[in-house]
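**Q** The amino acid sequence is not available; the structure is as follows:
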């Protein structure tokens, strides 16, 4: 498959052309990617294997960890290999597939985070109705809706990009294929497409951002108006939400809520939300939770013990 204009491949310029910097980036990105896989796989396996973590919150966190693995795997392995090879090309089909995957898993993650905010709101502000409101069927539908929403957003961004003619140059000034860098390479006026792309992303990010902030404010007010214990518990209850708003929505708002530009900061922001954020997600939501850590210790100690008995 080639573009109608004949472009068969793109060249990803990456972060730096300095060999020394590339070696440092290779080691750092490899370490981060290993941490992403280990931590998130640990959470996924624990959530599947343990009957203790069967509440809606852990149901959503399981899918968030799975999305983080897929999201990082779309971009990071390609970036890691490009640091060691002079050939930094990616086929036209591969570039479009990467663009689709970045927006699909990224948008799905945003929707799952928003669903988690709703789950926390119902649990804290409407506790008598929580069991009836957040049944397994409802949770499954919310997750399915997140996947469908991510797909619709991604297919729209992808189709808008692939309909453009590309006739050269083919050097993408970015770490991976994304909408804004590709718009700058199109052999036609892209102002209208850029506006549609920005409107699409802005509607999703700002809507979910406002929902997350509003849910946190409502939870804080609800807890602080109850008891002294609620007042003391309020900051820790919303800590994960606030942290995720800053880490997850900050860089995306900077990149996707404005017209495309040549700002070099875009690449740094992109690295942050594709590498750093998935690394921190398990710490923010799961590994700081005593119930999860206790379940992990019991589950894995049980597995180690069973393996020892088999060996004997």
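**A** That came through fine. Predicted model only: the values in this text are computed from it and were never measured.

**Q** got any ranges where the stretch 201-312 of the chain has weak pLDDT?
**A** Scanning the stretch 201-312 of the chain for pLDDT under 70 picks out the ranges 224-241, 245, 250-266, 285-293, 295-296, 299-300, 302-312.

**Q** do that again at 80, thanks
**A** 219-270, 272-273, 280-312 (pLDDT under 80).

**Q** Which helix or which strand is home to the residue most central in space within the chain?
**A** Most central in the chain under Cα atoms, centre = their mean is residue 106, positioned 4.3 Å from the mean C-alpha point. Assigned by DSSP states H and E, residue 106 falls within helix 92-125.

**Q** same question, residue 25
**A** helix 19-49.

**Q** just checking, what packs against that helix?
**A** Under the contact criterion of 3 or more Cβ pairs under 8 Å, 6 or more residues apart in numbering; DSSP states H and E, helix 19-49 touches helix 56-82, helix 277-285, helix 290-311. C-beta: built from backbone N, CA, C; applies to glycine.

**Q** Find the nearest non-adjacent residue to residue 193, please.
**A** Of all residues not flanking residue 193 in the chain, residue 160 sits nearest, at 5.4 Å (Cβ to Cβ, 6 or more residues apart in numbering).

**Q** correction: residue 283
**A** Leaving aside its sequence neighbours, residue 283 sits nearest to residue 39 (Cβ to Cβ, 6+ apart; 7.7 Å).

**Q** Pretty sure the one you found sits against residue 282.
**A** Yes: in this structure, residue 39 is within contact of residue 282 by Cβ atoms under 8 Å, at 4.0 Å.

**Q** Do a quick rundown of the helices in the stretch 151-300 of the chain.
**A** Ranges of helices within the stretch 151-300 of the chain are 179-183, 191-224, 228-244, 250-256, 265-271, 277-285, 290-311, based on DSSP state H, counting those that start in this stretch.

**Q** Looking at residue 152 now. What's its pLDDT?
**A** In this model, residue 152 is scored at 95, pLDDT.

**Q** gap between it and residue 198?
**A** 17 Å (Cβ to Cβ, to the nearest Å).

**Q** the more surrounded of these two?
**A** Remark: of residue 152 and residue 198, residue 198 carries more neighbours, 17 against 14, as counted by other Cβ atoms under 10 Å.

**Q** Wait, a helix at residue 90?
**A** No: assigned with DSSP: H, G, I helix; E, B strand; the rest coil, residue 90 falls outside any helix and is strand.

**Q** In contact with it, which residues?
**A** Residues counted as contacts of residue 90 (Cβ atoms under 8 Å, 6 or more residues apart in numbering) are 9, 10, 11, 12, 78, 98, 177.

**Q** Tell me the pLDDT of it.
**A** Residue 90 is given a pLDDT of 90.

**Q** thinking the residue nearest to the centre of the chain is in contact with residue 72, fair?
**A** No: with contact defined as Cβ under 8 Å, residue 106 does not count as touching residue 72 (10.5 Å).

**Q** if you skip the residues just before and after it, what's nearest to the residue nearest to the centre of the chain?
**A** Nearest one to residue 106, counting by Cβ to Cβ, 6+ apart, is residue 71 at 6.0 Å.

**Q** burial of the one you found, as a residue count?
**A** Counted with other Cβ under 10 Å, residue 71 comes out at 22.

**Q** how far away is it from residue 24?
**A** Counting by Cβ to Cβ - residue 71 and residue 24 are separated by 24 Å.
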